[in-house]
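**Q** I need the structure of the sequence given here:
(chains A and B)
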Amino acid sequence: DAGVIQSPRHEVTEMGQEVTLRCKPISGHDYLFWYRQTMMRGLELLIYFNNNVPIDDSGMPEDRFSAKMPNASFSTLKIQPSEPRDSAVYFCASSPVTGEETQYFGPGTRLLVL
Amino acid sequence: TQLLEQSPQFLSIQEGENLTVYCNSSSVFSSLQWYRQEPGEGPVLLVTVVTGGEVKKLKRLTFQFGDARKDSSLHITAAQPGDTGLYLCSYKLSFGAGTTVTVRA
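**A** This next block holds a predicted model:
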């Protein structure tokens, strides 16, 4: 299996622009997670889905962030409008079982908002 | 307040030396996971510990779960440059801040 695929790997944008991050989970995994990693706050869970349904979005920082999972093989995380404080590495992960144990992470998208 | 407190924050050692990193909490856990994250990559699961007092070995890495299931440690014997990375402990969907380990050749 190819593992979790994320695109783009790097994104540089200007404040106010819309940013869309994409994720393809491992085939057959029922759970999909979006995390954000910064030096200050570490690795934080933003939202997770089970069978394409959002289960917990309490980690989404504010209304500028939204996530969708239209089918089992694709998810997006959108930031609109983006701000410099959104600069971070965003990871997508998937899990085959309960969703709370083994997670397989993608390589991340490094976002810089100028 | 972090659910999982990791220490030390940074650790730099010479190749061949041993090291231990810690993960502590005031809560009792049903299980705990350790991940390693290399620069530019996502975290990769190393091990899951589930039983109080459990010791698991993965080549030169030894993982221990405290008897009370509130803490865990990771010991690396004869560290190599390939062990360099960020070591994260995790409980369910929460992660500690991590220990950045640098092994110098």
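
**Q** show me the contacts for the residue of chain B found nearest chain A.
**A** When distances are taken as Cβ to the nearest Cβ, chain B reaches nearest to chain A at B:Gly42, 3.0 Å away. C-beta coordinates here come from the backbone N, C-alpha and C atoms, glycine included. Counting by Cβ atoms under 8 Å, 6 or more residues apart in numbering or on different chains, B:Gly42 touches A:4, A:91, A:93, A:105-108.

**Q** Also B:Leu19?
**A** For B:Leu19, the contact set (Cβ under 8 Å, 6+ apart) comprises B:11, B:13, B:75-76, B:79, B:101.

**Q** Write the PyMOL selection for whichever of the residues you listed are buried.
**A** Only the buried entries of the contacts of B:Leu19 go into this PyMOL selection, using 16 or more other Cβ atoms under 10 Å in any protein chain shown:
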select buried, chain B and resi 11+76+79+101
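
**Q** Where does the residue of chain B closest to chain A sit: helix, strand or coil?
**A** Classification of B:Gly42 by DSSP: H, G, I helix; E, B strand; the rest coil places it in coil.

**Q** my read: B:Ser94 touches B:Leu4, true?
**A** Yes - between B:Ser94 and B:Leu4 there is a contact under Cβ atoms under 8 Å: 6.3 Å.

**Q** Can I get the contacts of B:Leu19 in CSV including distance to B:Leu46 and secondary structure?
**A** Shown next, in CSV, are the contacts of B:Leu19 (distance: Cβ to Cβ, whole Å; DSSP: H, G, I helix; E, B strand; the rest coil):
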residue, distance to B:Leu46, secondary structure
B:Leu11, 16, strand
B:Ile13, 18, strand
B:His75, 12, strand
B:Ile76, 11, strand
B:Ala79, 15, coil
B:Val101, 13, strand
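
**Q** Nearest residue to the residue of chain B closest to chain A in space, please, no chain neighbours.
**A** When the adjacent residues along the chain are set aside, B:Gly42 lies closest to A:Phe105, with 3.0 Å between them (Cβ to Cβ, 6 or more residues apart in numbering or on different chains).

**Q** quick one, what contacts the residue in chain A that chain B sits nearest to?
**A** Across chain A, the shortest distance to chain B (Cβ to the nearest Cβ) belongs to A:Phe105, at 3.0 Å. By Cβ under 8 Å, 6+ apart, the contact list for A:Phe105 reads A:4, A:35, A:91-93, B:42-44.

**Q** mind running it again at 10 Å?
**A** A:3-4, A:6, A:33, A:35, A:43, A:91-94, B:35, B:37, B:41-45 (Cβ atoms under 10 Å, 6 or more residues apart in numbering or on different chains).

**Q** Inside strands: which ones of these?
**A** Judged by DSSP state E, strands contain the following of the contacts of A:Phe105: A:6, A:33, A:35, A:43, A:91-94, B:35, B:37, B:44-45.

**Q** Counting neighbours, which of those residues comes out on top?
**A** The member of the ones in strands among the contacts of A:Phe105 surrounded by the most neighbours (other Cβ atoms under 10 Å in any protein chain shown) is A:Cys92, with 29 neighbours in all.

**Q** Give me the pLDDT value at the most centrally placed residue in chain A.
**A** Note on chain A: the residue nearest the mean C-alpha position is A:Trp34, at 3.2 Å, using Cα atoms, centre = their mean. Confidence at A:Trp34, expressed as pLDDT, is 98.

**Q** Spit out the contact partners of the nearest residue to it once chain neighbours are set aside.
**A** Nearest residue to A:Trp34, sequence neighbours excluded (Cβ to Cβ, 6+ apart): A:Leu46, at 4.4 Å. Residues in contact with A:Leu46 (Cβ under 10 Å, 6+ apart) are A:33-36, A:56-61, A:65, A:67, A:77, A:90-92.
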